[in-house]
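> here's my sequence, what's the structure:
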Amino acid sequence: MFDRLIEEAPRFFTYYNMIFVLQAMGTTLLLTAAGCITGFIFGFIIAAIRATRDPLLKPLRFLVIVYVEIFRRIPFLVTLFIVMFAVQIVSRNVSLFAIAVLSICMLSTAFLSEVIRAGMESVPRLQIEAAETLNFGFWRTQFRVVLPQAWKVIIPPAFAFMVMFIKDTSLASQMGVIELTFTGKSLMNRGFSPFLVYGVVLAGYFVMSYPLSRLGAYLEKRLASA
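Numbers count the residues shown, from 1 in each chain. Coordinates of the predicted model:
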């Protein structure tokens, strides 16, 4: 086995193969970033809607709860194909990458909304009531009272989710998106050793996920001491 690895290494570690792998890593990071940024924005909106007590928003609260509960329980691969078939009913010109981004955003919004909601609910109710007594208003209370304290609870699971999500984007390869796992399959089809190919794929995922996990640990310690 080692003789084969040594023999194939010069042919494998060529300029074009490494560019192919790096571009795939960029696609993986782009999918992750799009999902997590969108998930944080819409996740906060959903968590804020669920935190309101306005009777007029009760139907909307019901709808967002249904959305969250459904997408947190559907496997990501199933979500990918459901979105793909649904989008292709409307238009067949939408790229597979765009479908993957849409699926990832829908899933991350559902998961991160629960993370954010848990953080917001960790803030003592008496502080929120005190802010309401001072006529802060709902949004001012969220941004001035709730979120500054909630970040300590939100950051650890949010970064754990993002690290996990880097790996979960590999499922997009099942529908033809050229990300890191798809690149591994493509290089395998060229006859390279699976130990060599997936060793590089493993290293690629580690290089992308480890700095993110360290950043999460740093922010967690920084917020804990604040």
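
> continuing past the top helix by length along the chain, what's the next helix or strand?
When the chain is parsed with DSSP state H, its longest helix is helix 15-51. For helix 15-51, the following helix or strand on the C-terminal side (DSSP states H and E) is helix 58-71.

> now do that following helix: which elements does it pack against?
Helices and strands touching helix 58-71, by 3 or more Cβ pairs under 8 Å, 6 or more residues apart in numbering; DSSP states H and E, are helix 15-51, helix 96-121. (Each C-beta comes from the backbone N, C-alpha and C, glycine too.)

> let me see the mean pLDDT of it.
The predicted model assigns helix 58-71 a mean pLDDT of 92.

> buried ones in the very next helix or strand once past it?
Following helix 58-71 in sequence order, the next helix or strand is helix 76-90 (DSSP H and E). For helix 76-90, burial by neighbour count (16 or more other Cβ atoms under 10 Å) applies to 76, 79-80, 83-84, 87.

> TSV for those, including distance to Leu215 and pLDDT?
Shown next, in TSV, are the buried residues of helix 76-90 (distance: Cβ to Cβ, whole Å; pLDDT from 0 to 100):
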residue	distance to Leu215	pLDDT
Phe76	24	88
Thr79	27	90
Leu80	28	90
Val83	30	90
Met84	32	89
Val87	33	89
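
> so which bits of the longest helix of the chain are buried?
Across helix 15-51, burial judged by 16+ other Cβ under 10 Å covers 17, 21, 24-25, 27-29, 31-32, 34-36, 38-40, 42-44, 46-51.

> would JSON lines of the helices and strands packed on helix 58-71 with mean pLDDT and distance to Val153 be doable?
Converted to JSON lines, these look like this (pLDDT from 0 to 100; distance: least, Cβ to Cβ, whole Å):
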{"stretch": "helix 15-51", "mean pLDDT": "91", "distance to Val153": "12"}
{"stretch": "helix 96-121", "mean pLDDT": "91", "distance to Val153": "4"}
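
> of those helices, which approaches Leu215 most closely?
Of all the helices and strands packed on helix 58-71, helix 15-51 sits nearest to Leu215, with 12.5 Å by Cβ to Cβ.

> hang on, the earlier thing: got the angle for the longest helix of the chain vs helix 58-71?
Put simply, helix 15-51 runs at 140 degrees to helix 58-71, going by axes from the mean of the first three to the mean of the last three Cα atoms, to 10 degrees.

> could you say what helices and strands helix 15-51 packs with?
Helix 15-51 packs on helix 58-71, helix 96-121, helix 147-168, helix 180-189, helix 194-225, going by 3+ Cβ pairs under 8 Å, 6+ apart.

> quick check: buried residues in the second one?
Buried residues in helix 96-121, counted by 16+ other Cβ under 10 Å: 97, 99-117, 119-120.

> farthest pair in the buried residues of helix 76-90?
Across these, the longest distance by Cβ to Cβ is 16.1 Å; it joins Phe76 and Val87.

> count the neighbours of the closest residue to Lys167 other than its chain neighbours for me.
Nearest in space to Lys167, with sequence neighbours left out and distances taken as Cβ to Cβ, 6 or more residues apart in numbering, is Tyr205 at 6.3 Å. Tyr205 has 18 neighbours, counted by other Cβ atoms under 10 Å.

> what's the answer for Glu220, then?
Look at Glu220: counted by other Cβ under 10 Å, it has 15 neighbours.
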